[in-house]
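S.K.: I need the structure of the sequence given here:
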Amino acid sequence: MLTKATLLINRIRNFSIIAHIDHGKSTLADRMLELTATIEKRKMQEQMLDTMELERERGITIKAQNARMSFTADDGETYELNLIDTPGHVDFSYEVSRALAACEGVLLVVDATQGVEAQTVANMYLAAEHDLVIIPVINKIDLDTARPEQAAEEVLSLLGDPDAPFFFTSAKTGEGVRDLLQAVVELVPPPAGDREAPLRALVYDAFYDDYLGVITALRVVDGVLCEGDEIEFFADGGRYTVSDVGYFAVDRRHVDNLEAGEVGYFTGAVKELNQVKIGDTLIHAGEKKKIAPLSGYKEPKPVVFCGLYPTANDDYPELKKALQKLALNDASFTWEPETSEALGFGFRCGFLGMLHLEIVQERLEREYDLDLVATTPNVIYEVTTTDGETDEVHSPVAMPDFAEIESVAEPYIRATLITPPTYIGNIMKLCEEKRGEYVATEYLDPERVMLRFDLPLAEVVLDFYDRLKSCTRGYASFDYDVVGYRVNELDKLELIVNGQPVDALSVIIHKEKAYQYGRNLCLKLQKLIPRQQFEVAIQAKLGGRIIARETVKALRKDVTAKCYGGDISRKRKLLEKQKKGKKRMKMVGTVEIPQRAFMSVLGVEDDPHEIKQKYGKGR
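M.R.: Okay, the predicted model is just below:
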């Protein structure tokens, strides 16, 4: 006969929804909340689990949410379904992996009009790595352009199991959603766990509340977590007293305890978000030596770095406060103060990817009313010096002198691109331009091809995604995994204006691309820097050698205009005096680089002829 605890754990189902961007994941979650009456109809709104304004505007999930639902199945029993939502973009794949670690099954949602996309493949492999039950769902079957049977064939081919059960749904109308919840009950196994064992809980998310401090979301694997317990984080070692325990049903709901298999949250005077490590194991205080931590813990590592500076130096304190507040709810980006001669005081920030950078910058500008300038994004390089030491370099300014460098290694990614066959040539050409190495081609069906390339991450972070969408008319999808570091011929390219290096415009670049990049950068700045009373030299320096130069001509004053005839020596005397004055002015004069110049750097790969047309003829 089943005990109460065993009966309870047998009626729990923990699952997640994974999908490519805009395949209907958030809408499907809305229908599930509506069908199970988790949210009252009068409180219901679209994208219920997307709580940020930016999420609703862009139609993407940035921060994972979860919700507990009660569902009465066909057998008459009521089951506890814990839906753990996941972000859809590759930048947040670490958060997806932690959410999947708290589940036993996933719904793999595929748009019936689009079919399998790059992120679909990546998420499927991620779920397979966690040994989860994968339930394919073909969504948006109500659309006129839907091709559900073809999409189903693609998914089953991807899974490698032609007999796997799959489901057709319309998240918009609610068609097929109840059958899907029934399938979760039947196909997803109940969690394995021992209520009598010592406490072990997986921390899969955390966020900050102004009144309660840090609210930690967790999945209890073994044991019971109760209010008043003394707990400890395995990796961090911090000890706290639990003040509240509960679960999420969009809003927070208090319960007496969380038992093995359940998903919920706890609060306990944790004041800073960096005290909670996502993926850590929560245990009772003092039992660290007796218990093995849950596997898979590692901290998310920033891969893209850039400087953020206020356009007005007076806004520096406001930017610092804004970063402190933003970090309370997003511990995945790093920041530290830095100074630039050109831009003044600012911060060096690390992000999980380019979308993460855009989101943080937009939130700072919108929520805190700041006007910011972002420097050229760059990645982490591993520099080996001539004395055998290897260091990580996050910024071109920190790059050692070229004479001291033995080798420089840069991070590489394994890119997965899915496209109609028509655009294979365009993608091959783009990847070749970006120093890509071809790996494999796989035909998913006659209309869709999967290409794999190894690419330097530095070539991807700027404009790769935009150019990919342009050359494939928006049909291609893209996903990547970091695969390690490779040594390449890389060096620091410095920009020198009037003899002074401009650190904000320095980049680490491959030597094959350095000349073209330096030339275009000098040409662009020549059009953007205002003319002075003296001649201004703009130079690009690679290692110890000047590789490109442009000149901003001086404003000319005719000092001989007052001479009407007379001896030529008088005119020469005046011109020599002007020449000496301009030379002295050039030595002490400063050149102000307008903000437009820094913003234009992101497009320095333009053709020189296009640059001249865009910014006018040379002066």
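
S.K.: Find the residue closest to Leu457 in space, skipping its chain neighbours.
M.R.: Closest residue to Leu457 apart from its sequence neighbours, by CB to CB, 6 or more residues apart in numbering: Pro411 at 4.4 Å. C-beta here means a position set from N, CA and C on the backbone, and glycine is covered the same way.

S.K.: Assign that neighbour to helix, strand or coil.
M.R.: strand (DSSP: H, G, I helix; E, B strand; the rest coil).

S.K.: so what's the closest residue to Asp111 other than its chain neighbours up against?
M.R.: Counting by CB to CB, 6+ apart, Asp111 lies nearest to His23, which is 4.2 Å off, once chain neighbours are set aside. Applying CB atoms under 8 Å, 6 or more residues apart in numbering to His23 gives the contacts Gly88, Val109, Val110, Asp111, Gln114, Glu117, Thr120, Asn139, Lys140.

S.K.: coming back round to it: and for the residue nearest to Leu457, the neighbour number?
M.R.: Using other CB atoms under 10 Å, Pro411 has 18 neighbouring residues.

S.K.: Name whatever forms a beta bridge with it.
M.R.: Tyr485 (DSSP bridges).

S.K.: where exactly do the helices run in the stretch 251-400 of the chain?
M.R.: 316-327, 354-367 (DSSP state H, counting those that start in this stretch).

S.K.: Buried deepest among those helices, which one?
M.R.: Of these, the one with the most neighbours on average (mean count of other CB atoms under 10 Å) is helix 354-367, at a mean of 18.

S.K.: elements contacting it?
M.R.: Judged by 3 or more CB pairs under 8 Å, 6 or more residues apart in numbering; DSSP states H and E, the packing partners of helix 354-367 are helix 53-58, strand 304-310, helix 316-327, strand 344-351, strand 372-374.

S.K.: Let me see the ranges of the strands in the stretch 101-250 of the chain.
M.R.: Ranges of strands in the stretch 101-250 of the chain, per DSSP state E, counting those that start in this stretch, are 105-111, 133-139, 167-168, 200-209, 213-222, 224-226, 230-233, 239-241, 244-249.

S.K.: Including mean pLDDT, distance to Ser295 and mean neighbour count, could these go into a markdown table?
M.R.: Formatted as a markdown table, the strands of the stretch 101-250 of the chain follow (pLDDT from 0 to 100; distance: least, CB to CB, whole Å; neighbours: other CB atoms under 10 Å):
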| stretch | mean pLDDT | distance to Ser295 | mean neighbour count |
| --- | --- | --- | --- |
| strand 105-111 | 89 | 19 | 26 |
| strand 133-139 | 90 | 19 | 23 |
| strand 167-168 | 89 | 31 | 18 |
| strand 200-209 | 84 | 10 | 21 |
| strand 213-222 | 88 | 11 | 23 |
| strand 224-226 | 90 | 20 | 19 |
| strand 230-233 | 88 | 16 | 18 |
| strand 239-241 | 88 | 23 | 16 |
| strand 244-249 | 87 | 25 | 19 |
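
S.K.: Below-threshold pLDDT in the stretch 51-200 of the chain: ranges please.
M.R.: 51-64, 87-95 (pLDDT under 70).

S.K.: one step back: Pro420: which of the helices and strands packed on helix 354-367 is closest?
M.R.: Within the helices and strands packed on helix 354-367, the stretch nearest Pro420 is helix 53-58; the backing value is 25.1 Å (CB to CB).

S.K.: what sits against the nearest residue to Asp315 once chain neighbours are set aside?
M.R.: Spatial nearest neighbour of Asp315, chain neighbours left out: Leu370 (6.0 Å); criterion: CB to CB, 6+ apart. With contact taken as CB under 8 Å, 6+ apart, Leu370 is in contact with Pro310, Asp315, Glu318, Leu319, Ala322, Leu364.

S.K.: coming back round to it: how about the strands of the stretch 101-250 of the chain, which one is nearest Gly279?
M.R.: strand 200-209 (6.7 Å).

S.K.: ok, now how distant is Val96 from Arg31?
M.R.: 21 Å (CB to CB, to the nearest Å).

S.K.: Now do stretch 319-328, average pLDDT.
M.R.: Per-residue pLDDT over stretch 319-328 has a mean of 84.

S.K.: CA atoms only: put that stretch into CSV for me.
M.R.: Presented in CSV, the C-alpha positions along stretch 319-328 are these (Å, rounded to 0.1, in the frame of the first residue of the first chain):
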residue,chain,number,x,y,z
LEU,A,319,25.2,54.8,-14.1
LYS,A,320,27.0,53.2,-11.1
LYS,A,321,23.8,53.1,-9.1
ALA,A,322,21.8,51.8,-12.0
LEU,A,323,24.3,48.9,-12.5
GLN,A,324,24.1,48.1,-8.8
LYS,A,325,20.3,47.9,-8.9
LEU,A,326,20.3,45.9,-12.2
ALA,A,327,22.8,43.4,-10.8
LEU,A,328,20.3,42.7,-8.0
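
S.K.: Many thanks, I have nothing further to ask.
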